[in-house]
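> Sequence isn't available, so here's the structure alone:
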């Protein structure tokens, strides 16, 4: 057994939520440095080389190859330090329970159990009898992506303690702000020195992903006209109603709760509204580049339609492109997929090659010249208070990584 569970339990208790409202700086929250400095000290203690924490909270280091593999290209392993702000994430209190079947109850909040049923998550039926790391029901767990951090760190600890284990030179990068779209944007790829890499930022054990969404963020502003409601007829323009009209023009069937697989979506992340002004934030996603552009065009057309109804510009849309489908790059490196499949099989895990219904640091890195598929962490129900990860999955992923680096040796 590795020390991955002990590491994971420690890491999730360090608050590292990123903050979209501060996306103009990296890291968006200073607290991400707390975990960055912690893992950097651990890497130094293992004997890793050139351990660095940059001014932007990127942690980088590397370890030399085992004897006989010195000429092999350096392989990168990447995870992210931050957790999402889409659910409470401060003061995480993890605990381990043995799942006995039925509803998985992670905690009790205000007298009510916080649970998820097998009818909602059928994968629970395969986890009966396993030890699961859960939250107390008040916060997310942070397995996205502190499970990836713990698994990479446990691998490094083992390789540093047993340098004869076959492996090429390996670089590690632990990034800030992946959850708000910055991710590996500021990583010095030349300085990192890796020819190819893998992110460890996926879901249930066995997931292997080399396709992701094309992604953009839309900020839609609505300008109303406020007047006393007693004198409002023919005069008032309610910005909240403008938002309601605009949102109703977007196809309801293309919301996240109705889509799967390769189907894209419009996701309303949040809205604030008064009579005078409203702002809505959307993310737009699709694997297919043409369908992705069509979604952006539809959003712009909806704004133009409302403006035409109003007889003036009251709706403005600002589009910010975030990342592209990394399949455009990784498809040219089939050996990365083949080696990952075989590493899963070596560890007794059936690989499940699927498209990511999201994004990873690997999307940015692939287009910047570092091809970078994504591997599972073992986690379930990320970004919510029902998040959990089987202890066996943590251990298995360390084993998978060990087989993977041996193949690149």
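Ah, there it is. Everything numeric here is computed off the predicted structure, so don't read it as measured data. Numbering: from 1, shown residues only.
> Return the set of buried residues in the helix or strand hosting residue 149.
Residue 149 belongs to helix 143-161 when elements are defined using DSSP states H and E. Neighbour-count burial for helix 143-161, counted by 16 or more other Cβ atoms under 10 Å, picks out 143-160. Bear in mind the C-beta positions are built from the backbone N, C-alpha and C, glycine included.
> same deal with stretch 192-211?
Within stretch 192-211, the residues that qualify as buried are 192, 194, 196-211, counting by 16+ other Cβ under 10 Å.
> what does stretch 213-232 give?
For stretch 213-232, a neighbour-count test (16+ other Cβ under 10 Å) marks 213-218, 220-224 as buried.
> Go through those and flag which are in strands.
Judged by DSSP state E, the subset of these located in strands is 214-218, 220-223.
> Mind picking the two most distant members of the residues you listed?
Using Cβ to Cβ, the two most remote members of these are 214 and 223, lying 29.7 Å apart.
> What segments of the stretch 251-400 of the chain are helices?
Here the stretch 251-400 of the chain has its helices, by DSSP state H, counting those that start in this stretch, at 289-310, 327-330, 334-346, 361-367, 391-408.
> quick one: least confident helix or strand in this protein?
Sorting the helices and strands of the chain by mean pLDDT, DSSP states H and E puts helix 361-367 at the bottom, at a mean of 90.
> Just list what that one packs against, helices and strands only.
strand 75-80, strand 196-200, strand 315-323, helix 327-330 (3 or more Cβ pairs under 8 Å, 6 or more residues apart in numbering; DSSP states H and E).
> got those as TSV, with mean pLDDT and distance to residue 246 columns?
Formatted as TSV, the helices and strands packed on helix 361-367 follow (pLDDT from 0 to 100; distance: least, Cβ to Cβ, whole Å):
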stretch	mean pLDDT	distance to residue 246
strand 75-80	98	33
strand 196-200	97	35
strand 315-323	94	6
helix 327-330	94	32
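> can I get these in CSV with distance to residue 299?
Formatted as CSV, these follow (distance: least, Cβ to Cβ, whole Å):
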stretch, distance to residue 299
strand 75-80, 28
strand 196-200, 29
strand 315-323, 6
helix 327-330, 23
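> so which of these comes closest to residue 168?
Minimum separation from residue 168 across those (Cβ to Cβ) falls at strand 75-80, 5.3 Å.
> care to break this protein down by domain?
Residue ranges of the domains in the chain are recorded as 4-211+325-408, 214-323, according to automatic domain parsing.
> Just name the most buried of these.
The highest mean neighbour count among the domains of the chain, using mean count of other Cβ atoms under 10 Å, belongs to domain 4-211+325-408: a mean of 20.
> and that domain, how far apart are its ends?
Distance between the two ends of domain 4-211+325-408: 22 Å, counting by Cα to Cα, to the nearest Å.
> May I have the predicted confidence score for residue 184?
Predicted confidence (pLDDT) for residue 184: 83.
> gap between it and residue 78?
7 Å (Cβ to Cβ, to the nearest Å).
> and for the two, which residues touch both?
173, 175, 361, 365 (Cβ atoms under 8 Å, 6 or more residues apart in numbering).
> Residue 251 contacts residue 266, correct?
Yes: contact between residue 251 and residue 266 holds when scored by Cβ atoms under 8 Å: they sit 7.5 Å apart.
> which ones are touching residue 13?
Taking Cβ under 8 Å, 6+ apart as the test, what residue 13 contacts is 92-94.
> Where does it fall, secondary structure wise?
Assignment of secondary structure by DSSP H and E places residue 13 within no helix or strand.
> and the gap between it and residue 79?
Distance from residue 13 to residue 79, counting by Cβ to Cβ: 17 Å.
> Adding distance to residue 341, write the shared contacts of residue 184 and residue 78 out as CSV.
Output for the shared contacts of residue 184 and residue 78, formatted as CSV (distance: Cβ to Cβ, whole Å):
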residue, distance to residue 341
173, 23
175, 25
361, 21
365, 21
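> Closest one to residue 243 out of those, please.
Sorting those by distance to residue 243 puts residue 361 at the head of the list, at 32.9 Å, by Cβ to Cβ.
> List the residues that contact the closest one.
Residue 361 is in contact with 78, 80, 175, 178, 183-184, 199, 201, 372, counting by Cβ under 8 Å, 6+ apart.
> what do you get if the cut-off is 6 Å, keeping everything else the same?
The neighbourhood of residue 361, defined by Cβ atoms under 6 Å, 6 or more residues apart in numbering, consists of 78, 175, 178, 183-184, 199.
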